[in-house]
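Q: need a structure here:
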Amino acid sequence: MKKGLFAIAAAALLLPGCATRDRGDVFDLRRHAEGQLELGNRAASRGEHGAALALLDDAMRLAVLADDGGLKARAGLSRAGALMSMGLAEEAKAGWEAALGEALLLGDEALAALARVHAARGRLLALGGEAEARAAAAAASGERARLRDPLSVAFSWSTEALALGELGLFAQAEAAAMRSLALHERAFRHDLAAFDWFMAASFRSRSGDFEGARQALASSIALDRRVENSWGIASSWRALGDVETRAGSPVAARAAYLRAAAIFRAMGHDAAADGALARAGAPPAE
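A: Coordinates of the predicted model:
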């Protein structure tokens, strides 16, 4: 999705020193923006939403300075996702709409397609329900052929998995999650692959396959440990507590919840820790 860099040929002929310096400044802006965008995306995947938003705000600022519409759109999509994770649905919606506008202005079909998938996923996460699930599944499958890079394609499969899960089509949802997983493994994005396994665990648990859910969560935890994604590890232990509760294993459920709470607490996520303790039937920390 990266756009090319345009040199000013006339200035280069007349003022080679200044032209070289200007090109270096622009290259530095874009390079720094890309770095902040990557760091922001990784922070978001670890549940560090405040830190992610700060990094993504800086990526957007640098993209504006470089006047790069493609960078603005991509930073805007990630920023909207962070806002949604923080419960700021209206701000997230505005961000997705702005990113789509940038992509359409550029005439970048792949970027516009990705923006539509992001927006549909956001509406599904914000509102839930059959109508939004069907819309998200349609957006993911309909826009997929226009997407260029593997991680964007994986995002579409992940979105389709979430939508199919919302519709109760658990076997199809897991198949979509596995398509996402294969692409993430190929790209060595272990944090994103861990979330694919997390989704698969949810689908298996909701369909009554508790042993399969345990195995999927074990895979998720192993990948998150590999990249030291504490948020992902804690979330999987909490999910394992839910699985054990559904399976009628209260002792195992309590142990999983307590382990999740300890990790959340060590991260400074006290609300998440207290929530896990409540599921365990334990009082919140003083």
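Q: Can you pull up the most central residue in the protein?
A: The centroid of the chain falls nearest to Ser45 when counting by Cα atoms, centre = their mean (5.8 Å).
Q: And the average pLDDT for the host helix or strand of Arg61 is what?
A: With the criterion set as DSSP states H and E, the secondary-structure element containing Arg61 is helix 49-66. When the per-residue pLDDT values of helix 49-66 are averaged, the result is 95.
Q: If you count neighbours, what's buried in it?
A: For helix 49-66, the neighbour count (16 or more other Cβ atoms under 10 Å) marks 49, 51-56, 58-60, 62-63, 66 as buried. For glycine as for every other residue, the C-beta is placed from the backbone atoms N, C-alpha and C.
Q: Okay, Met73 and Ala140: tell me how far apart.
A: Slight slip there: residue 73 is Ala, not Met. If you measure Ala73 against Ala140 using Cβ to Cβ, to the nearest Å, the figure is 18 Å.
Q: before we move on, what about Arg146?
A: Applying Cβ to Cβ, one obtains 12 Å for the distance of Arg146 from Ala140.
Q: Have a look at these two and say which one is more surrounded.
A: In terms of neighbours (other Cβ atoms under 10 Å), Ala140 is the more surrounded of Arg146 and Ala140; the figures are 28 against 17.
Q: Contacts only, for the nearest residue to Glu174 once chain neighbours are set aside.
A: Distance criterion Cβ to Cβ, 6 or more residues apart in numbering; nearest residue to Glu174, sequence neighbours excluded, is Phe203 at 4.6 Å. Taking Cβ atoms under 8 Å, 6 or more residues apart in numbering as the contact definition, Phe203 lies against 161, 165, 170-171, 173-174, 177.
Q: Phe203 is in what secondary structure piece?
A: Assignment of secondary structure by DSSP H and E places Phe203 within helix 190-206.
Q: got it, and Ala272?
A: Ala272 belongs to helix 270-280 when assigned by DSSP H and E.
Q: contact partners of that helix?
A: For helix 270-280, the external contacting residues (Cβ under 8 Å, 6+ apart) are 234, 237-238, 241-242, 245, 253-254, 257-258, 260-262, 264-265, 283-285.
Q: Just the buried subset of those, written out for ChimeraX, thanks.
A: For selection in ChimeraX, the members of those meeting the burial criterion (16+ other Cβ under 10 Å) are listed in this command:
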select :234,237,238,241,242,245,253,254,257,258,260,261,264,265
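Q: these two touch, right, Asp58 and Glu34?
A: No - Asp58 is beyond contact range of Glu34, at 11.7 Å (criterion: Cβ atoms under 8 Å).
Q: so where is this structure shaky, pLDDT-wise?
A: In the prediction, the chain carries residues with pLDDT under 70 at positions 1-27, 285-286.
Q: quick check: domain ranges of it?
A: Taking automatic domain parsing as the reference, the chain has its domains at 18-42+56-107, 188-286.
Q: Tell me how far the first one lies from the chain's centre.
A: Read that as domain 18-42+56-107. 16 Å (Cα atoms, centre = their mean, to the nearest Å).
Q: And the last one, by the same measure?
A: Taking Cα atoms, centre = their mean, the mean C-alpha location of domain 188-286 is offset from the chain mean by 18 Å.
Q: Quick one: end-to-end distance for stretch 140-147.
A: End-to-end distance for stretch 140-147, by Cα to Cα, to the nearest Å: 10 Å.
Q: And for that stretch, what's in contact with it?
A: When contacts are defined by Cβ under 8 Å, 6+ apart, stretch 140-147 is touched by residues 109-110, 112-114, 116-117, 120-121, 153, 156-157, 159-160, 163.
Q: Filter the residues you listed down to the ones in helices?
A: Using DSSP state H to define helices, the subset of the contacts of stretch 140-147 located there is 109-110, 112-114, 116-117, 120-121, 153, 156-157, 159-160, 163.
Q: Mind jotting down where the helices sit in the chain?
A: In the chain, the segments counted as helices under DSSP H are 9-14, 16-45, 49-66, 69-85, 89-106, 109-127, 130-143, 150-166, 170-186, 190-206, 210-226, 230-246, 250-267, 270-280.
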